[in-house]
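>>> sequence first, predicted coordinates after that:
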Amino acid sequence: MPVINRLADFHDEITAWRRDIHANPELLFDVHRTAGLVAEKLKSFGADEVVTGIGRTGVVGVIRGRKTSSGKVIGLRADMDALPIAERTGKPWASKVPGRMHACGHDGHTAMLLGAAKYLAETRNFDGTAVVIFQPAEEGGAGGKEMVDDGLMERFAIDEVYGLHNFPGLPAGHFATRPGPLMAAADRFTIRIEGKGGHAARPHHCVDPVVTGAAMVQALQTIVARNANPLESLVVSVTMFHAGDADNVIAETAELAGTVRSLAEAMRDLAEERVKAIVRSVAEAHGARAAIDYRREYPVTTNHAEQAQFAAKVAREVAGSDAVIDDVPPVMGAEDFSFMLNARPGAFMFIGNGDTAGVHHPEYDFNDEIIPAGCSYWARLVETALPV
């Protein structure tokens, strides 16, 4: 069963919504314009309920089928926020806001779910309830957790929940998923080193936090190389190092920051223990003091096996068997849809964006050609899960 003709008819309209959202990017929870547009569209489609302010600025639409005797409720989630990146696409719909852009395709995710909502509200060819979830603050703000903590699942009696994200490099309109871990847990750390500053020509009277920090960076790389099981996935990256203001002064302090990515709790625990031990011991060895703020943030995005199999089946109905991978290798990026999957059974799916710049790149743009496939996936998922 290919792309739904009615959704193909909406293609230009949905593309216009997407490009409007793209031109007006908003960050984290400050998505008031986008959330307002979403709520307005859902009301115009005839959604049975439209609720705003879930998880601070999230929007939820409730669409009941022509029958509701099954009593089953399926949640579909899209994210709305952009990134603090200066856009370099040169497109007519490029960001109007300096230093902000939709560099991860959340504009496309929102537009595709709106298109599916319009179709579902128009046809209602299902027995049960579809709940469309528009989430703020995926990019580092844990908006998914905020919505779950705000009672999303209980308030709307959601039984299963599904997510969809574009994937540059995967052919346009193709799909990919897997049961079990699909995306990594993401943790962050900040290290503050206190030494003893002084004249750069008299280092023996100082305790150099730059040298101490450099030793820490080197030692932290041994966690993956020498502590982790080579057959397990783990990333430890120091991504920031700030110290000093002059070339003839040994600084008093230095600050390092970075991220840890893992696919298993054992590796997550190992990394945290070793990062803290290395920071403590290297600082002591250099005569410096160090404090570390280690924050566990997004958990592993773990698909439930039954729902992942079902999602792949629906994708094959839309795109064909040759265009769906149901055992794609996990990726070390992170997703706060993980909080929703920890609260309810469900699955996260990738849809190919084609040969485009990667996400979080200033030249990235969502591929509007995949809109009918993405909308059809959402619609068929509801109609297949909730047959009349």
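Great, that's in hand. Values in this document were obtained by computation on a predicted structure and should not be read as measured data.

>>> mind listing the strands for the stretch 201-350 of the chain?
Assigned by DSSP state E, counting those that start in this stretch, the strands in the stretch 201-350 of the chain fall at 234-243, 249-250, 253-262, 289-298, 301-303, 324-325, 346-354.

>>> which strands and helices sit next to the second one?
In this structure, strand 249-250 makes packing contacts with strand 198-199, judged by 3 or more CB pairs under 8 Å, 6 or more residues apart in numbering; DSSP states H and E. The C-beta positions use only the backbone N, C-alpha and C, and glycine is treated the same way.

>>> within the sheet, what are the partner strands of the strand it packs on, with directions?
strand 249-250 (antiparallel) (DSSP bridges).

>>> how far off centre is the worst-scoring helix or strand of the chain on mean pLDDT?
Within the chain, no helix or strand scores below helix 5-9, which has a mean of 92 by mean pLDDT, DSSP states H and E. Relative to its parent chain, helix 5-9 has a centroid offset of 28 Å by CA atoms, centre = their mean, to the nearest Å.

>>> same question for stretch 83-96.
On the basis of CA atoms, centre = their mean, the separation between the geometric centre of stretch 83-96 and that of its chain is 20 Å.

>>> I'd assumed residue 275 was in contact with residue 294.
Yes: with contact defined as CB atoms under 8 Å, residue 294 reaches residue 275; the gap is 6.5 Å.

>>> find residues that contact each of these two.
residue 189 (CB atoms under 8 Å, 6 or more residues apart in numbering).

>>> so the two - more neighbours on which side?
Ranked by neighbour count (other CB atoms under 10 Å), residue 294 and residue 275 place residue 275 first, with 23 against 16.

>>> these two touch, right, that one and residue 223?
Yes: contact criterion CB under 8 Å: residue 275 and residue 223 qualify, at 6.8 Å.

>>> which neighbours do these two share?
residue 236.

>>> on that earlier part again, out of the strands of the stretch 201-350 of the chain, which comes closest to residue 34?
strand 346-354 (20.2 Å; CB to CB).

>>> can you give me the angle the following helix or strand past that closest one makes with strand 346-354?
Tracing the chain C-terminally past strand 346-354 and defining elements by DSSP states H and E, one meets helix 371-385 next. When axes from the mean of the first three to the mean of the last three CA atoms, to 10 degrees is applied, the directions of helix 371-385 and strand 346-354 differ by 160 degrees.

>>> and helix 371-385, what does it pack onto?
helix 5-9, helix 11-23, strand 73-79, helix 106-123, strand 160-168, helix 305-319, strand 346-354.

>>> looking at the ones you listed, which is closest to residue 29?
Among the helices and strands packed on helix 371-385, the nearest to residue 29 by CB to CB is strand 73-79 (11.9 Å).

>>> who does the closest one pair up with?
strand 129-135 (parallel), strand 160-168 (parallel).

>>> from those, which stretch is densest packed?
Highest mean neighbour count among those (mean count of other CB atoms under 10 Å): strand 129-135, with a mean of 28.

>>> give the next helix or strand downstream of that strand.
Sequence-wise, the next helix or strand downstream of strand 129-135 (DSSP H and E) is helix 143-149.

>>> can you confirm residue 38 is in a helix?
Yes: assessed with DSSP: H, G, I helix; E, B strand; the rest coil, residue 38 lies in a helix.

>>> gap between the two ends of stretch 135-152?
Length of stretch 135-152, first residue to last, CA to CA, to the nearest Å: 11 Å.

>>> who's in contact with it?
By CB under 8 Å, 6+ apart, stretch 135-152 touches 27-29, 31, 35, 54-58, 60, 75, 77-83, 104, 106, 133, 158, 297-298, 335-340, 342-343.

>>> can you tell me which of the residues you listed are buried?
Using 16 or more other CB atoms under 10 Å as the burial test, those include 27-29, 31, 35, 54-58, 60, 75, 77-83, 104, 106, 133, 158, 297-298, 335-340, 343 as buried.

>>> and the helices and strands packed on helix 371-385: which comes nearest residue 245?
It is, among the helices and strands packed on helix 371-385 and with distance given as CB to CB, helix 106-123, at 37.9 Å.

>>> returning to what we had before: in helices only, show me the contacts of stretch 135-152.
35, 106, 337, 338, 339, 340, 342, 343 (DSSP state H).

>>> mind checking how far the fifth one is from residue 3?
Same thing as residue 339. 31 Å (CB to CB, to the nearest Å).

>>> any idea how this protein splits into domains?
5-182+300-385, 185-298 (automatic domain parsing).

>>> any idea how far the nearest residue to residue 320 once chain neighbours are set aside is from residue 15?
Leaving aside its chain neighbours, residue 320 sits nearest to residue 2 (7.7 Å; criterion: CB to CB, 6 or more residues apart in numbering). Here the criterion is CB to CB. By it, residue 2 lies 19 Å from residue 15.

>>> of these two, give the one with the bigger neighbour count.
Set side by side, residue 2 and residue 15 show more neighbours around residue 15, with 18 against 12, by other CB under 10 Å.

>>> so that one touches residue 111, yeah?
Yes: with contacts counted by CB under 8 Å, residue 15 reaches residue 111, the gap being 7.5 Å.
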